[in-house]
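**Student:** kindly generate the corresponding structure for this input.
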Amino acid sequence: MKNKIDRKKFVPKEYESLAYEDIALPIGYGQTISQPSTIAFMLGLLEINSNQKILEIGSGSGYVLALLSQAADNLDIYGVEIVPELVDRSKKLLKDIDNIKIFNASSELGLKTKAPFDRILVSASAKEFPKELISQLKEDGIIVCPVKNSIIKYKNKNIEEYPGFAFVPLISD
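**Tutor:** Okay, here's the model as predicted:
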């Protein structure tokens, strides 16, 4: 990491004392900021390299977007979030990071207007793997998505499953 991203900046004041614990914390509106070890695991599965275009679905507090901005050089990063208040808050927190763009999520999953992406990270649990995201992925791209209590990595039509995780559910309109 180029600069340290302070998790405390991304949690509500009443949880700041717990910001450095390896636990998920509420960020309001029924959403959470995932535990750091889970985030690190998912980012590792993404195999991030310089010059990639990355989408995070369920960008919440903006913490993972900030981490992504430090993961490699010359990244083009997009976040979509369905809770307007979280979009506003994360835009304010990340206003100084030029390569991050945050959008209110629409009724369609993903961000078709900016596709295709090299990497897609879903930061909430889907009931089943969201196949509609594959059309938004570049050839040789990677999708990392929680499904029920597992994390799924999709790459080159292959799926790897990593069980034993818990996430808030993916919200759709």
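
**Student:** same for the helix or strand that contains residue 42, what does it pack against?
**Tutor:** Using DSSP states H and E, residue 42 falls within helix 36-46. If contacts are counted by 3 or more Cβ pairs under 8 Å, 6 or more residues apart in numbering; DSSP states H and E, helix 36-46 sits against helix 63-69, strand 117-122, strand 137-147, strand 150-155. (C-beta placed from N, C-alpha, C; glycine too.)

**Student:** touching, residue 114 and residue 54? I think so.
**Tutor:** No - using Cβ atoms under 8 Å, residue 114 is not in contact with residue 54; the gap is 10.6 Å.

**Student:** just want to know which of those two has more residues nearby.
**Tutor:** residue 54 (25 against 15; other Cβ atoms under 10 Å).

**Student:** for that one, which non-adjacent residue is spatially closest?
**Tutor:** residue 119 (4.5 Å; Cβ to Cβ, 6 or more residues apart in numbering).

**Student:** and that neighbour, bridged to which residues?
**Tutor:** residue 54, residue 142 (DSSP bridges).

**Student:** these two touch, right, it and residue 136?
**Tutor:** No - in this structure residue 119 lies outside contact range of residue 136 using Cβ under 8 Å: 10.9 Å.
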